[in-house]
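Novice: Quick one: sequence plus predicted model below, questions after.
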Amino acid sequence: MNDLTLSRRGLTLVRGLSLELLPDQVLAVSGISGAGKTTLLRAIAGTAADAITGGTIDRAGRLGYVFQEPRLLPWYTAHRNVALMAVDRDRAGDLADEWLDRVGLGDARGLYPQQLSGGMRQRVAIARAMVTVPELLLVDEPFSALDRALAADLRGQLTGIIAAEHIAAVWVTHDPHEAETVSSLRLHLTGEDGGWLIT
């Protein structure tokens, strides 16, 4: 990001942000509701180009995205939901098996989303993001609806995957403890005229 400015509905959300994120770095993005956290993620993903009113975002390589909700297709099994996103189409089934095993759902590969708990659905969503072989992973509060113990467990699992795969990540959170736990860098959006602070 180079001198990035983001705006929505006439409000400046982020003004003049410059930042380089390297492999193995996790940037936690925090701030009040409406400060621009999800807009920033969407701008990085390329789905909110209209919000960029200044500066540039340079992305290299593939993106993975873990959303607030799992967004699984209900008519497909866990395995098929993951395999659909595999970059290597010839190995899609094997890669789906591998990632479902890695998130602890090897035995649930034949189940449909409605047969899975909330935590299991989020683990399928993580596996789906990882079969894209991302160099940058975007994480948008995927555990906020889960109980604290389960959220902590899945948070640890995802940070372990990020470290093992040597990828960079941008992780949006409302939780100061989560921001501190997952990140090597922290970006706080103040919600006041595009203000921000990096620590």
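Specialist: That came through fine. Numbers count the residues shown, from 1 in each chain.
Novice: Contact partners for the residue most central in space within the chain?
Specialist: Nearest to the mean C-alpha position of the chain, by Cα atoms, centre = their mean, lies residue 139 at 1.6 Å. Residue 139 makes contact with 66, 158, 169, 170, 171, 172, according to Cβ atoms under 8 Å, 6 or more residues apart in numbering. C-beta here means a position set from N, CA and C on the backbone, and glycine is covered the same way.
Novice: Apply 7 Å and report the result again.
Specialist: By Cβ atoms under 7 Å, 6 or more residues apart in numbering, the contact list for residue 139 reads 66, 169, 170, 171, 172.
Novice: Now do the lowest-mean-pLDDT helix or strand in the chain: distance to the chain's middle.
Specialist: Lowest on mean pLDDT, DSSP states H and E among the helices and strands of the chain sits helix 176-182, with a mean of 90. In terms of Cα atoms, centre = their mean, to the nearest Å, the centre of helix 176-182 is found 15 Å from the chain centre.
Novice: pull the CA atoms of it into PDB?
Specialist: Once non-C-alpha atoms are left out, helix 176-182 reads as follows in PDB (Å, rounded to 0.1, in the frame of the first residue of the first chain):
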ATOM      1  CA  PRO A 176      -7.700  -6.200  21.300                       C
ATOM      2  CA  HIS A 177      -6.500  -9.500  22.700                       C
ATOM      3  CA  GLU A 178      -6.900 -11.300  19.400                       C
ATOM      4  CA  ALA A 179      -5.000  -8.400  17.600                       C
ATOM      5  CA  GLU A 180      -2.100  -8.800  20.000                       C
ATOM      6  CA  THR A 181      -2.100 -12.600  19.900                       C
ATOM      7  CA  VAL A 182      -2.100 -13.100  16.100                       C
END
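Novice: coming back round to it: among the contacts of residue 139, which are located in helices?
Specialist: Among those, DSSP state H puts none in helices.
Novice: now, which of those residues sits nearest residue 18?
Specialist: residue 170 (14.8 Å; Cβ to Cβ).
Novice: in stretch 80-88, what's buried?
Specialist: 80, 81, 82, 83, 85, 86 (16 or more other Cβ atoms under 10 Å).
Novice: Save those as TSV, and put in secondary structure too.
Specialist: Shown next, in TSV, are the buried residues of stretch 80-88 (DSSP: H, G, I helix; E, B strand; the rest coil):
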residue	secondary structure
80	helix
81	helix
82	helix
83	helix
85	coil
86	coil
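Novice: residues touching residue 68, list them.
Specialist: Residues near residue 68 by Cβ under 7 Å, 6+ apart: 140, 141, 142, 144.
Novice: can you list the domain ranges for this protein.
Specialist: When the chain is parsed with automatic domain parsing, its domains come out as 2-61+135-198, 76-132.
Novice: quick one: terminal-to-terminal distance for the first one?
Specialist: Spelled out, it's domain 2-61+135-198. Length of domain 2-61+135-198, first residue to last, Cα to Cα, to the nearest Å: 14 Å.
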